[in-house]
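Novice: Predicted model and sequence follow; I will ask about them next.
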Amino acid sequence: MSAPVFTGIGVIAPNGLDREAWWQATLDGKSGLDRISRFDPTDYPVRVAGETVGFDPADHAPARLVRETDAMTRYAFAAANEALADAAIDTDAFSDLEMAVITANSSGGVEFGQRELQKLYSEGPQAVGAYMSIAWFYAATTGQLSIRHGMRGPCGVLCSEQAGGLDVLAQARRVLARGTRLVMSGGTDASLSPYGLTCQLSNGRLSTEPLPERAFLPFDRAAGGYVPGEGGAILMMENREEAAARGLDHPYGELAGYAATFDPRPGSGRPPTLRRAVELALADAGVTPEEVDLVLADGHGVPELDRREAEAITAVLGAGRVPVTVPKTMTGRLYAGGAPLDVAAALLALRDGVIPPTVNVRPDPAHGLDLVVGRPRETELRTVLVLARGYGGFNAAAVIRSL
Amino acid sequence: MSGITFGDFKAIMSRCAGELDGRELTENDLDTAFTDIGYDSLAVLEIASQIQREYGLQIPDEAIEEMTTPGDVIGYVNRHLTAV
């Protein structure tokens, strides 16, 4: 069985509300980070975020579905429509059990949940809407997409924070190898309500810098935490033969390799395991370090975590040898939506032969990385490594290759 | 409040569960199953809980489970509002 291929991409991001708008903004170095507008952030230590300003859920789903879903799921409705159209998929040509939905989730429907909890404590249990039972939980997006598109195969949801966006690709690969014909994967998150933001503060990694262009600086000496964002990407995955059989001869690329590792507990004295994830993913893909043309880094923006990631990259690929970029400097960290958006960037970089830039960062030479800063870099690309780390010790690495 | 009309019900329904896709609810739908109209069981629960709040009526869960059409809901509410 050959590696699964990516045949459709749908995007909702703070710097672009569809695939091509986001990609153009990304190549232009246009950031979606700004002062939070959803609510007044004056009294919060974090005031900058990547919001999907201008997104109208009514453009992408009927009012009935908008009513019963959180923003995270509304983003997925939009991105799923785009991904299906991009892949030219007619779902009627498949039986419902041959199609699956496997998304990553991290925030849950926190904005919806906050609203209903406020009704609970201010008006009492009678005031809580029935949709609270399905809108807030991690599997809500997978469930809604499954019902809407009639995809009733081996569906699932993975919750490993930012790493989950790569973990779902591996789960998609698994079910495709077992006979499922089509998987809708990726993920979207929306964590920018007051309650959602407050929940994130406890990890101590968010940037308190009020200037948007100074707030998220991975691999910079001035790095002081990360900016949260919302949105993500939905990716259609199929076996290559299946895609070819329905006339799709030029998929974006393939999932050539993947690996996940889990860090030892803090204080154990044992080293972190991102490096091991990179080595295992390359081995899984049958790719040598010399063959890697580009790394889309996790880019946490926390000095210690940046140092560890740079060490993992240079230990396996060599210091300064491979271009590295962090387009999420323009979106913030999207949690479960972050890695799928990076995979979308990897696939479009392969398509167009161009590396999107990292913005606002002055690379700290101590990291030994060839960080692509300021403007895009045109170059021939064949193999891209995508890294993602999730809070709590999750590491994942994926190798994306052109065909 | 003396009772609930079809118009009242329709307004509550679209407020709670969202408008139908490309179709208007009419009195011909009084005996059409919610599932055929395009509303699932959660939508019915949402409508029932809104009616309870607006009309000060207690509707037991077992009664909601038996409401399969708009006519069932309107009939139940009017029987019990009269009884109050």
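Specialist: Happy to help now that I have it. Numbers count the residues shown, from 1 in each chain, chains lettered A, B, ... in the order given.
Novice: check contacts around the most centrally placed residue in chain A.
Specialist: For chain A, the residue nearest the mean C-alpha position is A:G338 (2.3 Å; Cα atoms, centre = their mean). A:G338 sits next to A:Q162, A:G165, A:G229, A:G232, A:K328, A:T331, A:A388 when contact means Cβ atoms under 8 Å, 6 or more residues apart in numbering or on different chains. Backbone N, C-alpha and C define where each C-beta goes, glycine included.
Novice: Hmm, B:T32 is touching B:T68, no?
Specialist: No. Taking Cβ atoms under 8 Å as the definition, B:T32 is not a contact partner of B:T68, at 9.5 Å.
Novice: what sits against A:L296?
Specialist: A:V324, A:T325, A:V326, A:P327, A:D342, A:A345, A:A346, A:V384, A:L385, A:V386, A:L387.
Novice: where exactly do the strands run in the stretch 51-200 of chain A?
Specialist: With DSSP state E, counting those that start in this stretch, the ranges of strands along the stretch 51-200 of chain A come out as A:99-104, A:156-158, A:182-189.
Novice: Mean pLDDT and mean neighbour count added to those strands, as CSV?
Specialist: Shown next, in CSV, are the strands of the stretch 51-200 of chain A (pLDDT from 0 to 100; neighbours: other Cβ atoms under 10 Å in any protein chain shown):
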stretch, mean pLDDT, mean neighbour count
strand A:99-104, 98, 31
strand A:156-158, 98, 21
strand A:182-189, 98, 33
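Novice: would you list these in CSV and tack on distance to chain B?
Specialist: Shown next, in CSV, are the strands of the stretch 51-200 of chain A (distance: least, Cβ to the nearest Cβ, whole Å):
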stretch, distance to chain B
strand A:99-104, 18
strand A:156-158, 19
strand A:182-189, 21
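Novice: Kindly format the C-alpha coordinates of stretch A:335-348 as PDB.
Specialist: Taking C-alpha atoms only, stretch A:335-348 is exported to PDB below (Å, rounded to 0.1, in the frame of the first residue of the first chain):
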ATOM      1  CA  TYR A 335      -3.900  24.500  19.000                       C
ATOM      2  CA  ALA A 336      -5.500  21.600  17.200                       C
ATOM      3  CA  GLY A 337      -5.700  23.800  14.100                       C
ATOM      4  CA  GLY A 338      -2.100  24.700  14.000                       C
ATOM      5  CA  ALA A 339      -0.400  21.600  12.600                       C
ATOM      6  CA  PRO A 340      -3.100  21.100   9.900                       C
ATOM      7  CA  LEU A 341      -2.500  24.600   8.800                       C
ATOM      8  CA  ASP A 342       1.300  24.000   8.700                       C
ATOM      9  CA  VAL A 343       0.700  20.900   6.600                       C
ATOM     10  CA  ALA A 344      -1.400  23.000   4.200                       C
ATOM     11  CA  ALA A 345       1.500  25.400   4.100                       C
ATOM     12  CA  ALA A 346       3.900  22.500   3.300                       C
ATOM     13  CA  LEU A 347       1.600  21.300   0.500                       C
ATOM     14  CA  LEU A 348       1.300  24.700  -1.100                       C
END
